[in-house]
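what follows is a predicted protein model with its sequence.
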Amino acid sequence: MNSEFEFAETKPPLSAMGHVVESIGIDTDTQGKCRVCSGRITDRYMIRIDSRVYHEGCVRCCVCDAQLQEKCYEKEGQLYCSAHYFKDCSPYRCSGCKLGISPTDMVYKLKTGMVFHVDCHACIRCGRRLAPGEQILVDEIAQTVACMQHFYNGPTVVFTTFGMNEISPDTI
């Protein structure tokens, strides 16, 4: 039995794939397009984060522009390196510098719930680092700490994030 097959008007396999992609609800307009540069991804490798795809070279921290290789963090469509994600987006904040706290940061946690980076756990008046177990004055409203010496002697110098400001005891 001899039979002949005719392949007239058949579509190439890729167009059939396009129909399958549409039928399962994947957005074909962005399929294969980089989320950052919107260019088509024809590279041998691409990076997929959640449902978005990127060129390898386009996966960069939105703060420092460092290329992200092993680990990256995403928030509201923005990509971050580990350092900037925890600094800018961490739900845990240092009571001293007000920056984020990462899981690897060494911190002091007070019974009041206030948390300080080791370098930020210092007297608000003299700037001296406070030691574990040392008696301190805690101002929960201002989220500051002071050594007992400066609590009793009255304020003479206040450290701010912009530098040192001299004040007189009657201004507090």
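Right, received. Where do you want to start? The model shown is predicted, which means the values in this text are computed figures rather than measured ones.

is Gly57 in a helix, a strand, or coil?
helix (DSSP: H, G, I helix; E, B strand; the rest coil).

burial of the residue nearest to it when sequence neighbours are not counted, as a residue count?
Closest residue to Gly57 apart from its sequence neighbours, by Cβ to Cβ, 6 or more residues apart in numbering: Gln67 at 7.0 Å. Any C-beta I mention is one placed from the backbone N, CA and C, and that applies to glycine too. Residues near Gln67, counting by other Cβ atoms under 10 Å, number 12.

for Val107, same thing?
15.

what's the answer for Arg35, then?
Using other Cβ under 10 Å, Arg35 has 20 neighbouring residues.

and for the one 4 residues further on?
In terms of burial, Gly39 registers 12 neighbours under the definition other Cβ under 10 Å.

and what of Cys94?
Cys94: 22 neighbours (other Cβ under 10 Å).

quick one, what contacts it?
Neighbour list for Cys94: 100-101, 107, 115-117, 120 [criterion: Cβ atoms under 8 Å, 6 or more residues apart in numbering].

mind giving me the PyMOL command for buried ones among those?
The PyMOL selection below is limited to those of those classed as buried (16 or more other Cβ atoms under 10 Å):
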select buried, resi 100+101+115+116+117+120
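
my read: the residue nearest to Gly57 touches Cys58, true?
No: with contact defined as Cβ atoms under 8 Å, Gln67 does not count as touching Cys58 (9.2 Å).

show me the shaky parts of the chain.
1-31, 151-172 (pLDDT under 70).
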